[in-house]
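Trainee: output the structure for:
(chains A and B)
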Amino acid sequence: MRIATWNVNSIKVRLPHLLSWLDEAKIDAVVLQETKTVDEAFPLKALQEAGFDAVFVGQKAYNGVALLTRRSTISSVTDPVYNIPGYDDEQKRLVAATITDREGKSVRFIGAYFPNGQEVGTNKYWYKLEWMAALTYWLKAELARDIPLLLGGDFNIAPSDEDLWDPIGWRGRILASAPEREAFFRLLSVGFIDTWSLELHAPGTFSWWDYRQSGFEQNHGVRIDHLLCSKSLSDRIHNVHVDVTPRGWDKPSDHAPVVADLSL
DNA sequence: ATGGCGTACACCGTACGA
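Mentor: Residues are numbered from 1 along each chain as shown, chains lettered A, B, ... in the order given. Next comes the predicted model:
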């Protein structure tokens, strides 16, 4: 199956792009971030008519996450979780469910929208680190259940300087500060593989470009969207890539999807 | 230091993102 993560920056505005891309890229399961809508207004019917099931949790104006699965390849979606269990949070940033293919093989897919952090040292920055600590703590328990895991999302962290178009300008700043990077690798160390590291990639491959100053045209971007898997899945992942196609469409999301193939 | 651009909400500007 083909899996992906994509920050759509409003599922209502992006719905035409989303439907076209799911079809063209032949996506079987995708986690979405920044849906920016309450559950009552989530475009469930349009997605169902396009052949997808959805689990989602959102709020007015900000945040919001979803997991979409293609019915022709994913026969069941079970045990949904909304937000980080045990962590009290008004903000809707996490959704997870176990998805099972037509052969009865299962994987648990977690979608997460990590806090942006605004600026190093602000309250939002401390919230980002606290949220990541809570996530990491919960993931340890999830790994202990011995079900293969996928964790995809907008991490709002560039793990290394190669993930920044301007590493000098970004040094020590939000997305690139040492505590954020340490938190990223601490999360990995509890039992995940960054699927990006399984294959070679061209330098200057990013997943987000600023709308301003022709960021995409100049490839002034950062790589902050990631797909992780539990260790047992690492030899079943192939063709990990950023799909820049929808970033080039009219009125795009500022993020591009990250895509990979998984053989369960 | 600010704004650039886009989205949402709601007021005709402000909050927020990365």
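Trainee: CA only for contacts and neighbour counts going forward, please
Mentor: Will do.
Trainee: okay, now the residue of the stretch 51-200 of chain A found nearest DNA strand B: neighbour count?
Mentor: Sorted by distance to DNA strand B under Cα to the nearest atom of the strand, the residues of the stretch 51-200 of chain A start with residue A:61, at 3.3 Å. Other residues within reach of residue A:61, judged by other Cα atoms under 10 Å, total 12.
Trainee: with residue A:230 instead?
Mentor: Using other Cα under 10 Å, residue A:230 has 21 neighbouring residues.
Trainee: and the helices in the stretch 101-250 of chain A, which stretches?
Mentor: A:123-144, A:167-170, A:178-189 (DSSP state H, counting those that start in this stretch).
Trainee: near DNA strand B, which residues of the stretch 151-264 of chain A are found?
Mentor: A:156, A:175, A:208, A:211, A:212, A:213, A:222, A:224, A:251, A:252, A:253 (Cα under 7 Å from any atom of the strand).
Trainee: not counting its neighbours along the chain, what's nearest the most centrally placed residue in chain A?
Mentor: Geometric centre of chain A, nearest residue: residue A:153, 1.5 Å, by Cα atoms, centre = their mean. Counting by Cα to Cα, 6 or more residues apart in numbering, residue A:112 is the residue found nearest to residue A:153 once chain neighbours are left out, at 4.7 Å.
Trainee: excluding sequence neighbours, find me the nearest residue to residue A:59.
Mentor: Using Cα to Cα, 6+ apart, the closest residue to residue A:59 is residue A:38 (4.4 Å).
Trainee: now the one you found. Its backbone dihedrals?
Mentor: Backbone torsions for residue A:38, taken as degrees, to the nearest 10, come to phi -70, psi 160.
Trainee: for it, give me its contacts.
Mentor: Residue A:38 makes contacts with A:57, A:58, A:59, A:60, A:64, as judged by Cα atoms under 8 Å, 6 or more residues apart in numbering.
Trainee: buried only: go through those for me.
Mentor: The neighbour-count test (16 or more other Cα atoms under 10 Å) marks A:57, A:58, A:59, A:64 as buried among the contacts of residue A:38.
Trainee: what helix or strand is the third one located in?
Mentor: Which is residue A:59. For residue A:59, there is no helix or strand it lies in under DSSP states H and E.
Trainee: confirm for me that the residue nearest to residue A:153 is in contact with residue A:33.
Mentor: Yes - at 7.0 Å, residue A:112 and residue A:33 qualify as touching, with contact defined as Cα atoms under 8 Å.
Trainee: what touches both of those two?
Mentor: A:65, A:93, A:153, A:154.
Trainee: give me the pLDDT value at the second one.
Mentor: What it means is residue A:93. Turning to residue A:93, the model gives it a pLDDT of 97.
Trainee: ok, it - how many residues close by?
Mentor: 27.
Trainee: check contacts around it.
Mentor: Counted by Cα under 8 Å, 6+ apart, residue A:93 has contacts A:33, A:63, A:64, A:65, A:83, A:112, A:113, A:114.
Trainee: repeat for the last one
Mentor: Contact partners of residue A:154, counting by Cα under 8 Å, 6+ apart, are A:5, A:6, A:7, A:33, A:112, A:113, A:114, A:224, A:225, A:226.
Trainee: now render these as CSV, adding neighbour count and distance to residue A:187.
Mentor: Shown next, in CSV, are these (neighbours: other Cα atoms under 10 Å; distance: Cα to Cα, whole Å):
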residue, neighbour count, distance to residue A:187
A:5, 26, 18
A:6, 28, 20
A:7, 27, 20
A:33, 30, 19
A:112, 29, 13
A:113, 25, 15
A:114, 21, 12
A:224, 20, 15
A:225, 26, 15
A:226, 26, 13
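Trainee: just the residues you listed: which are in strands?
Mentor: Counting by DSSP state E, the contacts of residue A:154 place A:5, A:6, A:7, A:33, A:112, A:113, A:225, A:226 in strands.
Trainee: quick check: the farthest pair among those residues?
Mentor: A:33 and A:226 (12.1 Å; Cα to Cα).
Trainee: okay, and the common contacts of the two?
Mentor: With Cα under 8 Å, 6+ apart as the test, residue A:33 and residue A:226 both reach A:153, A:154.
Trainee: tell me the two of the buried ones among the contacts of residue A:38 that are most distant?
Mentor: A:57 and A:59, at 7.2 Å, using Cα to Cα across those.
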